[in-house]
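> Below: sequence and its predicted model.
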Amino acid sequence: MVFFTLAGNAQQETLIGGSIESSLFGAPVVKMSHIGASTGVLVGGRGGWIINKTLSVGAGGYGLVNNVRARTERPDGERYMNMGYGGLELEYIHNYDELLHYTFYTLIGAGGVNYRGQEHHDDSIDWERIFFVLEPGANFELNVTEFFRFSFGISYRFVTGLNTQITSDDDLRGLNGVLMFKFGKF
């Protein structure tokens, strides 16, 4: 009887204590980056769960939307690169309620690259064209309305594991300029 009384009075320890505030957001994203010998435009989106106005846990995905030439040509003409990547995104949000505040985030995931002619017919992706990506970044975020936030910043895409003669890890690594439009119940 004494054992059950003591066990009932013990307080459970947790990583996050007290009440938890949470909200969700979705965001279209545009990134400008140097890819190979060209400027690449990547368009995508991200979504996340904001916990206690400080931490966001979610996912994002981005794809190359403009023509970036591959280093080699085929007998039928120039080749262009298709590239996409995505993964888990973790974000720290500093002073969430201030009009202008900053965030730090990291994407951890994978991507793929393949090549096409001008007709936009894709070649198949093989395992030599899959890569690991780690992309840390920092943004300034402006609270426009209760439901909309505008972010701008930079990130750096680290790529490893790309084993093809046409494109290397170095071709896909690089600094990104980032614009993001967050929508949600903040």
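Received, thanks.
> From now on I want contacts and neighbour counts done on CA atoms only, so please keep to that.
Will do.
> Quick check, S168 in contact with L162.
Yes. Taking contacts as CA atoms under 8 Å, S168 lies within contact range of L162: 5.9 Å.
> who's more crowded, these two?
Per other CA atoms under 10 Å, whichever of S168 and L162 has more neighbours is L162, with 22 against 16.
> and that one, backbone torsions?
phi -90, psi 120 (degrees, to the nearest 10).
> From N67, how far out is it?
Per CA to CA, to the nearest Å, L162 is found 20 Å from N67.
> same check, this time on L175
19 Å.
> Over to N139?
The gap separating N139 from N67 is 27 Å, by CA to CA.
> How about G112?
The gap separating G112 from N67 is 16 Å, by CA to CA.
> And Y156, by the same measure?
With CA to CA as the criterion, Y156 and N67 are 21 Å apart.
> for V41, same thing?
Distance from V41 to N67, by CA to CA: 9 Å.
> Equivalent analysis for D169, please.
Taking CA to CA, one finds D169 at 19 Å from N67.
> just M180 next, same as before
Taking CA to CA, one finds M180 at 22 Å from N67.
> Which residue of those two possesses the greater neighbour count?
Set M180 next to N67 and count neighbours by other CA under 10 Å: M180 wins out with 21 against 17.
> okay but R46 is in contact with S56, surely?
No. Contact criterion CA under 8 Å: R46 and S56 do not qualify, at 11.0 Å.
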